[in-house]
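Enquirer: Show me how the following folds:
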Amino acid sequence: MEPSSDEISHVTQGMSVDVGRAALTVTKALDYVGIDDKSHGRRVGLICHRLAHHLGWEKTRRHFILIAGMLHDCGVSSTTVHQKLVDEMEWEGAEEHCIRGDQFLQSFPPFSTFATAVRYHHTRWQDLPETLDRETREYANLIFFADRLDVAYASFILNHPYHEALLSRENIFSELTPYAGLLFSGEFHKAAERAIQKDSFWLELRDEYLDDAIMEALSSEDYEVSLSFDEIESLGELISQVVDAKSPYTHYHSLRVADVAYTLSGLAGLPPYERRLLRLSGLLHDVGKLRTPDEILEKPGALNEHEIAQMRSHPLDSKRVLKSLFPNNQIAKWASEHHEKLDGSGYPFGWKGDQIDFPTRILSIADIFQALCQKRPYRHRLLIDEVLEIMDEMNAEGKIDTSVYTLLKANKDELYKIAIRM
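Expert: Purely as a prediction, here's the structure:
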């Protein structure tokens, strides 16, 4: 049964999301791939915006390049790929993530306008296709320039206090000078020479000022396009693709968890609007795993205590991202609590019993069920009877909700098909 218009209205209460805020949230998630440096995408967006001012671009172009700059690395899920991009001015494997980013953005209509700029953001200025219009060529190359400037900045502050960037601005900037007119437009280099003289250019790149500067830039451009709930769901699916692309062992995990949770919640009698919110939470529940190193997710054996400790932070990382996009509903709460157990043995909060609400219990069971149904680096995909044997034990130990698990067992074949389908 599809939700009525009144129920859809209920869903979207407190969920007015504009394109800029959605882009900022996606970027915060993508920035987790940097592990310790969690601000690269946002800094690139802000650098693009500041340089656009010095280039004399009008408002709509400044707004465009701010968002495109933030989203430029949406094709990067792997910490290994991220490190290669940071370590080398021109990495020969860079184009792959540009192509993937283009595909991701094309799949979400409100972001599709940024796709071509992202596709060519590692292409040399002189090598950009002549078939591209002048504006698109400038967008792509300004992102490339800002990206490389931020890499130089991030490398500097890794070993120096933030304020010393003010004293070393010329040295940081000098790393790009040999490439003016070759990798980057000479015009952009000249604009940057002016921009870097302002202390605010460097200070606003600091974590404590960055988001405020971006929000001010977004609001100052008098541009807002709100997303419908259907578009918000599509955004959730886009983010889930980025998350699940991090490892071949997690492909489609988030989408399948979301669909198992949606089906289970219907069997449990939840109202349609709550089911849609829960599905969205399922799509986004693992966004914090973008911060987890690839070698942990793909380790063929048991994790050691240090690796487990790193893994256990991902629900809170998910909450941090989702609260910024959905501050007034339960989506972030459900996503951040999907590893809680009724006996108090879960994480990160250690909730037990009535502290865990019913939708969270559904999402928790959906996550456990789908993970067991999917191949992992340390085991094969389990058959349904093998899955239920493990979950029977968890139920007997009081870790999961018996009423929800009973529904799952009664509909095991249908739910297993959902959990393993492509």
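Enquirer: all strands of the stretch 1-150 of the chain, in order?
Expert: 17-18 (DSSP state E, counting those that start in this stretch).
Enquirer: any weak-confidence spans in this protein?
Expert: Applying pLDDT under 70 to the chain flags residues 1-16, 34-37, 220-224, 248-249, 378, 422.
Enquirer: Quick check: can you list the domain ranges of it?
Expert: Domains of the chain are assigned by automatic domain parsing as 14-220, 229-420.
Enquirer: As JSON lines, these with mean neighbour count would be great.
Expert: Backbone N, C-alpha and C define where each C-beta goes, glycine included. What follows is the domains of the chain, written out as JSON lines (neighbours: other CB atoms under 10 Å):
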{"stretch": "domain 14-220", "mean neighbour count": "19"}
{"stretch": "domain 229-420", "mean neighbour count": "19"}
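Enquirer: Downstream of the helix ranked longest in the chain, the next helix or strand is which one?
Expert: Secondary structure of the chain read by DSSP state H shows that its longest helix is helix 134-157. Next along the chain after helix 134-157, taking DSSP states H and E as the criterion, comes helix 164-167.
Enquirer: Residues in contact with that following helix: which ones?
Expert: 153, 156-157, 172, 199, 202-203, 205 (CB atoms under 8 Å, 6 or more residues apart in numbering).
Enquirer: Can you tell me which of those residues is closest to Pro109?
Expert: When the contacts of helix 164-167 are compared for distance to Pro109 (CB to CB), Leu205 wins out at 31.2 Å.
Enquirer: Let me see the contact set for the residue nearest to Leu267 when sequence neighbours are not counted.
Expert: Spatial nearest neighbour of Leu267, chain neighbours left out: Leu407 (4.7 Å); criterion: CB to CB, 6 or more residues apart in numbering. Residues in contact with Leu407 (CB under 8 Å, 6+ apart) are 264, 267-268.
Enquirer: same check, this time on His189
Expert: By CB under 8 Å, 6+ apart, the residues touching His189 are 145, 176-177, 180-181.
Enquirer: go with 6 Å
Expert: Ala180 (CB atoms under 6 Å, 6 or more residues apart in numbering).
Enquirer: Could you list the alpha-carbon positions for the helix or strand harbouring it in PDB?
Expert: Using DSSP H and E, His189 maps to helix 186-195. Extracted in PDB, the C-alpha atoms of helix 186-195 (Å, rounded to 0.1, in the frame of the first residue of the first chain):
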ATOM      1  CA  GLY A 186      47.300  31.100 -16.000                       C
ATOM      2  CA  GLU A 187      44.300  33.300 -15.200                       C
ATOM      3  CA  PHE A 188      43.500  31.100 -12.200                       C
ATOM      4  CA  HIS A 189      47.100  31.300 -11.000                       C
ATOM      5  CA  LYS A 190      47.000  35.100 -11.100                       C
ATOM      6  CA  ALA A 191      43.700  35.200  -9.200                       C
ATOM      7  CA  ALA A 192      45.100  32.900  -6.600                       C
ATOM      8  CA  GLU A 193      48.100  35.100  -6.100                       C
ATOM      9  CA  ARG A 194      45.700  37.900  -5.100                       C
ATOM     10  CA  ALA A 195      43.400  35.700  -3.000                       C
END
